[in-house]
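**Q** For reference, the sequence and a predicted model appear below.
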Amino acid sequence: MTKTLLSLATLCACATLPLSAQQGDTLHVHGDSLNHHPIQLEAITVTAAPVKPHEPSTTVKISPTIIQQTPATDAYDLLRQVGGIEVHAQGQGPGFASDASVRGFSSDHSTDIALWVDGVPNNEPVNGHAEGYNDWNLLFPAAISGIDVLKGPTSAVYGNFAFAGVVNVQTLERTEGTTLDLDPGSYGHWGGTLLTGYDHGLNGAVFGLRGEHEDGWRPNSNYDLGQAHARIVQGLSSVTTLDAGIELYSTKWKSPGFLSDSAFQASDFGQVENPTDGGYKNRAQERVSFRVLAGPALLWRTTLYSTQGRWQLFLTIPPESGGGEGTGSQTEEEDKRYGLGMTSALTWYLEKAEITVGAETRYDHSRYENWFTTDRVRDSAQTLVTAHQGSAALFAQSNEDLGPHFRLSLGGRIDFQSTSSTPEGGTAAGHGKAILSPKAGLLYHLPVAGDLYANVSRGFRQTDGVIEDPNLPFITVWAYEAGFKVDGSVVNANIALFRNDVSNEQTFNPITLASFSGGSSRRQGVEVDFIARLAPAVRLTGDWTVTDAKYDHLITDAGDTLDGARVFNTAKFSGASALEVAPELAPWRLRLTTNVVGPYSPFDQPAVELPTYALLHFSGGLRIGQAELQLGIRNLLNHKYPELQAGGFVTPGEPRSVFGTVRYTF
């Protein structure tokens, strides 16, 4: 059926994902055998990424209902509250990407996680600030139809940066009527969203505009943000569909800077490092997707996309050592880029198997500049470089039922990458390389209760600094997972044991921007996610991870040995739980959420262990006719906590904040 069709507009959206894009708010009853369903044409979409329950991997599904009910300050906070992802927010502005960690991978600016929006990759290659810079603020919340969080590099569909996992976002392909949101909140926050569209059978569309302003809870931390979203789906014939979309995003902000640890302990949050710190970011992406049902069991889909971006930031770096950073002076960074890419794949739907083969290619061009500045006036250049990178890949994925109870998943991809770098006034350098990433998984469908599964896969991402040195090798990981899925009418749960062995380990200081690599590490632990229906109107959900993450061998650029030390900025445990009360026929609903971050060692402080903190959040909604009123309170107990700490400097977390939404549908 159409919900089983893979879409290459989301890079063929993995055949090994275990939840349906339309099943985020439902529980399904365990069947006694695995089975396939026939293909149906009418409901096929080009960019939806439906995922299936009986596959040997771990995925968390986030529905649009949960997205609307969560009082999150941004996309990172949203994933932290509802996806159980460990997040360390930079706090330097909405365009200054934060650290998101999955299973112990805590890279700077979420570069260990691949983000895809309707089939277009968000991570930015050949980026001098952070290779694979991953800014989730591109997401248009009101237009999201679902988010899948894949744990581990288990899918052959995703390559570079799908190291710890994938956040795969799908947007609405059609809507009816017009919805207007007004969003007031604490600290001078206001926002508004207009969403409209049409649904005419095979044809549909969604158009959206969004604006946001906030004065900020610290001085010199105000920001403005604007977005536009459009998607049009057009049935060209009974077997062919055209799907086109565009995302536009622009923001500017001011930065209060980092606090010293002593100022944080004294709750002296009114300090401003440099009133001229701040920046802006503009980004656009366009795509066109085609889907053709080439026969009763053959589907072909192709996506073409282009991206453009420019950002500039001024930030006063605390005085620490590291590659010219940390002098206590202000630095300016500027990145100008454009790129384009294509993915294409064929899927055969056989009686007991599904086979997908495909190819992708991508080209990115960037100009990166790093300057010493005084109050935004350039003093001297640190880095002026132009680089471009071309990549291509072949991938294959198969799922086969071996009788009524066993499902075998086999796949792999081979990636080719060529990078060239030309420093201003210097000599051009270039290098090409390739990497093979096999994937395998096996699931045993128990006659009752659930499924046992195991998988092994290899993932990779490019090392920071490749923009200046194309010879730098990939960072690689071998990932192993075994688990048990409980599938019942009252409880759905997944319990997984995992281990990740990393080669060419790299660690990155998110404050001074210094990094070093060349070692090895391992992450291992247990992960539990669940949905429990306690009563017809009451549901309890959770996603929790306990991680033992240590460096096997790593020597810093200062000569310090970190063998046996905990991986920096990675908590021993983290997670989120929510209690939801929503009677089926009642016009109201309530939701209480907590997210917890356990002890972790800040970057460059292996002997320091920060204490556990937990945040409590509340949200509620009331529908009155065509209007809906929502209230959200983030950090309900007004807990003081460090979002990010490194080398004795801190980004403090936001205190209690209140958000409201007035939504009216015409």
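**A** Arrived safely, thanks for sending.
**Q** Just the buried positions in stretch 428-441, please.
**A** Buried residues in stretch 428-441, counted by 16 or more other C-beta atoms under 10 Å: 435, 437, 439, 441. For the C-beta atoms, the positions are set from N, CA and C on the backbone; glycine is no exception.
**Q** Cross those residues against strands and list the overlap.
**A** Using DSSP state E, the members of the buried residues of stretch 428-441 that fall within strands are 435, 437, 439, 441.
**Q** Check V597 and give its pLDDT.
**A** Per-residue pLDDT puts V597 at 91.
**Q** Could you tell me how far it is located from L497?
**A** Going from V597 to L497 by C-beta to C-beta, to the nearest Å gives 22 Å.
**Q** Those two: who's more crowded?
**A** More neighbours surround V597 than the other of V597 and L497, with 25 against 14 (other C-beta atoms under 10 Å).
**Q** dump the residue contacts of the more buried one.
**A** V597 makes contacts with 86, 571, 574, 612-614, 641, as judged by C-beta atoms under 8 Å, 6 or more residues apart in numbering.
**Q** how about the helices in the stretch 251-400 of the chain?
**A** For the stretch 251-400 of the chain, the helices defined by DSSP state H, counting those that start in this stretch cover 261-265.
**Q** low pLDDT regions in it?
**A** Across the stretch 251-400 of the chain, the ranges flagged by pLDDT under 70 are 319-327.
**Q** Please enumerate the strands of it.
**A** Ranges of strands in the stretch 251-400 of the chain, per DSSP state E, counting those that start in this stretch, are 259-260, 278-295, 298-316, 330-349, 353-374, 377-402.
**Q** Quick one, which of the ones you listed gets closest to R589.
**A** strand 278-295 (34.0 Å; C-beta to C-beta).
**Q** and I66, which of the three is it?
**A** Secondary structure state of I66, per DSSP: H, G, I helix; E, B strand; the rest coil, is helix.
**Q** For it, grab the count of nearby residues.
**A** Residues contacting I66 under the criterion other C-beta under 10 Å number 22.
**Q** Kindly provide the distance from it to P141.
**A** Relative to P141, I66 is positioned 11 Å away (C-beta to C-beta).
**Q** nearest to V658, of the strands of the stretch 251-400 of the chain?
**A** Of the strands of the stretch 251-400 of the chain, the one closest to V658 (C-beta to C-beta) turns out to be strand 259-260, at 23.9 Å.
**Q** on that earlier part again, possible to save the strands of the stretch 251-400 of the chain as CSV with mean neighbour count and distance to S520?
**A** Output for the strands of the stretch 251-400 of the chain, formatted as CSV (neighbours: other C-beta atoms under 10 Å; distance: least, C-beta to C-beta, whole Å):
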stretch, mean neighbour count, distance to S520
strand 259-260, 20, 34
strand 278-295, 19, 35
strand 298-316, 20, 32
strand 330-349, 20, 30
strand 353-374, 19, 29
strand 377-402, 18, 25
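**Q** Show me the one of those that comes nearest S619.
**A** Closest to S619 of these, according to C-beta to C-beta: strand 278-295, at 28.5 Å.
**Q** CA atoms of the closest one as CSV?
**A** Extracted C-alpha coordinates of strand 278-295, given in CSV (Å, rounded to 0.1, in the frame of the first residue of the first chain):
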residue,chain,number,x,y,z
GLY,A,278,25.8,38.9,17.1
GLY,A,279,25.1,37.9,13.5
TYR,A,280,22.7,36.8,10.8
LYS,A,281,22.0,33.8,8.7
ASN,A,282,20.0,33.4,5.4
ARG,A,283,19.2,30.0,3.9
ALA,A,284,17.1,28.7,1.0
GLN,A,285,16.5,25.3,-0.5
GLU,A,286,14.4,24.3,-3.5
ARG,A,287,13.5,20.8,-4.7
VAL,A,288,11.5,19.0,-7.4
SER,A,289,10.5,15.4,-6.9
PHE,A,290,9.1,12.9,-9.4
ARG,A,291,7.4,9.6,-8.6
VAL,A,292,6.5,7.1,-11.3
LEU,A,293,4.7,3.7,-10.7
ALA,A,294,6.4,1.9,-13.5
GLY,A,295,4.4,-1.3,-13.0
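**Q** Who are the packing partners of that strand?
**A** Secondary-structure packing of strand 278-295 (3 or more C-beta pairs under 8 Å, 6 or more residues apart in numbering; DSSP states H and E): strand 240-254, strand 298-316.
**Q** on contacts alone, who are the packing partners of the longest one?
**A** It refers to strand 298-316. In terms of contacts (3+ C-beta pairs under 8 Å, 6+ apart), strand 298-316 is packed against strand 120-121, strand 278-295, strand 330-349.
**Q** The shortest one - contacts with which helices or strands?
**A** In other words, strand 120-121. Strand 120-121 packs on strand 298-316, going by 3+ C-beta pairs under 8 Å, 6+ apart.
**Q** Let's see if you can find the most crowded of the contacts of V597.
**A** Going by other C-beta under 10 Å, E86 tops the contacts of V597 with 28 neighbours.
**Q** Would you mind confirming that it is in contact with K572?
**A** No. Applying C-beta atoms under 8 Å as the test, E86 and K572 come out as separate, 10.5 Å apart.
**Q** tell me the mean pLDDT over stretch 648-660?
**A** Confidence for stretch 648-660, expressed as mean pLDDT, is 91.
**Q** Can I get the ones in strands among the buried residues of stretch 428-441 in TSV including distance to S619 and pLDDT?
**A** TSV is the format used below for these (distance: C-beta to C-beta, whole Å; pLDDT from 0 to 100):
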residue	distance to S619	pLDDT
I435	43	97
S437	40	97
K439	38	96
G441	36	96
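**Q** Tell me the one among those residues nearest to V60.
**A** G441 (17.3 Å).
**Q** my read: that closest one touches N455, true?
**A** Yes. Using C-beta under 8 Å, G441 is in contact with N455, at 3.4 Å.
**Q** Now the common contact residues for these two.
**A** In terms of C-beta under 8 Å, 6+ apart, G441 and N455 are both contacted by the residues 56-57, 154, 409.
**Q** now, which of those sits nearest V385?
**A** Nearest to V385 among the shared contacts of G441 and N455 is T154, at 34.9 Å by C-beta to C-beta.
**Q** which residues of the stretch 51-200 of the chain fall in strands?
**A** In the stretch 51-200 of the chain, the strands defined using DSSP E, counting those that start in this stretch lie at 58-62, 86-88, 99-101, 113-117, 120-121, 144-151, 165-171, 178-182, 190-200.
**Q** One more: the stretch 501-650 of the chain?
**A** Taking DSSP E, counting those that start in this stretch as the criterion, the stretch 501-650 of the chain carries its strands at 515-535, 538-553, 573-581, 588-597, 613-624, 627-634, 642-646, 649-652.
**Q** Name whatever forms a beta bridge with the residue lying closest to V491 once chain neighbours are set aside.
**A** Among residues not flanking V491 along the chain, A532 sits closest, at 4.9 Å (C-beta to C-beta, 6 or more residues apart in numbering). Beta-bridge pairing for A532 (DSSP bridges): V491, L540.
**Q** tell me the contacts of A532?
**A** Here A532 is in contact with 490-491, 493, 539-541 (C-beta under 8 Å, 6+ apart).
**Q** Could you do R287 as well?
**A** Residues in contact with R287 (C-beta under 8 Å, 6+ apart) are 9, 118-120, 244-246, 303-306.
**Q** can you rerun that using 10 Å?
**A** Going by C-beta atoms under 10 Å, 6 or more residues apart in numbering, R287 touches 9, 46-47, 117-120, 231, 243-247, 303-307, 341.
**Q** and what of Y249?
**A** Listed by C-beta under 10 Å, 6+ apart, the contact set of Y249 reads 94-95, 135, 137-140, 210, 225-229, 281-285, 309.
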